[in-house]
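Q: sequence first, then the predicted structure, then my questions.
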Amino acid sequence: MDFNPIDLILHLDTYLAMLVSNYGVWIYAILFLVIFCETGLVVTPFLPGDSLLFIAGAICATGGMDPWLLGGLL
């Protein structure tokens, strides 16, 4: 199966849950960087930060991520 970045953006819920199970703690750093770049840098407002926040919250609700660590980082 070929990697399609559009498919990644359209199905963030599926891919983020898979990435959390595979990479664990590194996902927190990636989420922090995406949110920081979206809000702090002028040239990156196109990043899907709001969608990532909702999906990360849903994954926290299912027990896949630590909500206290996620809240502290974001």
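A: The structure has been received and is ready for your questions.

Q: find the nearest non-adjacent residue to residue 13, please.
A: residue 55 (5.1 Å; CB to CB, 6 or more residues apart in numbering). Heads up, the C-betas are built off the backbone N, CA and C, glycines and all.

Q: next: residue 39.
A: residue 49 (7.1 Å).

Q: could you check how far that neighbour is from residue 38?
A: 4 Å (CB to CB, to the nearest Å).

Q: residue 42: neighbouring residues, count only.
A: Counted with other CB atoms under 10 Å, residues neighbouring residue 42 total 5.

Q: same check on residue 27?
A: 19.

Q: likewise for residue 60?
A: With other CB under 10 Å as criterion, residue 60 counts 17.

Q: who touches it in this structure?
A: Shown in contact with residue 60 (CB atoms under 8 Å, 6 or more residues apart in numbering): 66-67, 70.

Q: hang on, the earlier thing: hmm, the residue nearest to residue 39 is touching residue 35, no?
A: Yes - using CB atoms under 8 Å, residue 49 is in contact with residue 35, at 5.0 Å.

Q: looking at the closest residue to residue 73 other than its chain neighbours now. What's its pLDDT?
A: Leaving aside its chain neighbours, residue 73 sits nearest to residue 32 (4.8 Å; criterion: CB to CB, 6+ apart). Predicted confidence (pLDDT) at residue 32: the value is 88.

Q: what is the helix or strand residue 32 falls within packed up against?
A: Per DSSP states H and E: residue 32 is located in helix 26-40. Applying 3 or more CB pairs under 8 Å, 6 or more residues apart in numbering; DSSP states H and E, one finds that helix 26-40 makes contact with helix 12-23, helix 49-61, helix 67-73.
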